Every structure is written in structure tokens, then in C-alpha cells.
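Asks: this one's sequence-less:
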């Protein structure tokens, strides 16, 4: 191999390498894990959600009550914000934002029946009204009937208790609330 041929091959590989780097660099999908919130919002206060489920309203035959559910939801939301890390959870006096939540429904609906007409699987849904306010009390966003849910089986290898399934539904709701706050999804 002569010296000019080696030099030419080296230049071709260098050109192809630079081209591949440029194409890869400019063709990113644009996804980011950073918050789309204004940079002035760094902290959040989350008071205990209020349980406003109305038992005198017969609007749904699937409406039910579970004691302490508003506390379980609040804890799941706080844990999710801590896990996410875009907003630091702080006391009210130090917060840039305040997230108020109101539990308005807990639905437990049969999803699947056995041949003997016994319930095998339920879907549970937690429904909340949410308001996110800034330090001055201005509403950043507000959502009515915001929902998290899960399903659970009563028997078999995938069986869960209602309490375990409520934990899963609260985590699903918390994930959606954090995504709504941080990413506007």
C-alpha cells in the first residue's frame, strides 16, 4: 500500500466519523427529564388532602369509603415529588408552590366474574380535585376529577388485598400528579 492510499483511507474514515457524530447529535428526540416549570419554582408544600367523598350522594353504586385514604394519597404524592427531585418538598412558609388536593371519589368496580358469577377482579379508582398555587395565591393550574387507578385479583398468583391495591392506585395517582406538575402531561 502506498502512502497516498493510506492517507486517503484515513481521511474517508475521519469524514464518515465526523458525519455520524453530527447526524447523531442533531437528530436527538428532544426528551428531557428537566422540569418545564419556570426556574423560580423550586419548592412545594403539600398539605394533607381533604376527604370530601359524599356518602349521602347515591350517584354511583360503586362508591365506597376507606378510612385514612386521604393520608395514604398525601404520603404517596410527597414520596413521588421527593423521588422525582425537580421540586423540593418543604414547609408552607418556605414554599414557592402549594398543591391542594381534595379526594372526591373512591370507586371499586367489579371487572371480571367467574363462571359461578363471583367477582374475580376489581378496578379501583381514586378521583381528586387539584389546585396548584404560587406563593401569592395565583392558580398555576387546576384539575377536576383527576384520576389514578389499578386493578386487582381476589385469587390466584396475582391476588392482592384491597389495601395493597389502594397503595398501587395511590402511587399511580401520585405519578400522574407529579407528571402534570412537572411536565404538563
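Replies: Looks like it came in fine. Just so you know, these numbers come straight off a predicted model, no measurement behind them.

Asks: Give me the local confidence score for the residue lying closest to residue 164 once chain neighbours are set aside.
Replies: Nearest residue to residue 164 in three dimensions, chain neighbours excluded: residue 152, at 7.2 Å (C-beta to C-beta, 6 or more residues apart in numbering). In short, each C-beta sits where N, CA and C put it, glycine included. On pLDDT, residue 152 comes in at 96.

Asks: Quick check on residue 152: phi, psi?
Replies: With angles defined as degrees, to the nearest 10, residue 152 sits at phi -150, psi 150.

Asks: so it sits right up against residue 119, yeah?
Replies: No. Residue 152 is not in contact with residue 119 according to C-beta atoms under 8 Å; the separation is 11.0 Å.

Asks: Quickly note the distance from the residue nearest to residue 164 to residue 177.
Replies: Residue 152 is 21 Å from residue 177, where distance means C-beta to C-beta, to the nearest Å.

Asks: Looking at those two, which one has more neighbours?
Replies: residue 177 (24 against 20; other C-beta atoms under 10 Å).

Asks: Report the secondary structure state of residue 180.
Replies: helix (DSSP: H, G, I helix; E, B strand; the rest coil).

Asks: Now do the contacts for it.
Replies: 130, 141, 143, 146 (C-beta atoms under 8 Å, 6 or more residues apart in numbering).

Asks: Relative to residue 130, how far out is the third one?
Replies: When distances are taken as C-beta to C-beta, residue 143 and residue 130 turn out to be 5 Å apart.

Asks: Neighbour count for these two, which is higher?
Replies: Neighbour comparison, residue 143 and residue 130: the larger count goes to residue 130, with 21 against 15 (by other C-beta under 10 Å).

Asks: and that one, what element?
Replies: strand 119-134 (DSSP states H and E).

Asks: same question, residue 18
Replies: Following DSSP H and E, one finds residue 18 within helix 3-26.

Asks: mean confidence for that helix?
Replies: Per-residue pLDDT over helix 3-26 has a mean of 66.

Asks: Does anything pack onto the helix or strand just after it? Which helices or strands?
Replies: Later in the chain than helix 3-26, the nearest helix or strand by DSSP H and E is strand 43-45. Identification of packing neighbours for strand 43-45 by 3 or more C-beta pairs under 8 Å, 6 or more residues apart in numbering; DSSP states H and E yields strand 88-89, strand 97-113.

Asks: Tell me which of those strands sits most buried.
Replies: Ranked by mean neighbour count, those are led by strand 97-113 with a mean of 18 (mean count of other C-beta atoms under 10 Å).
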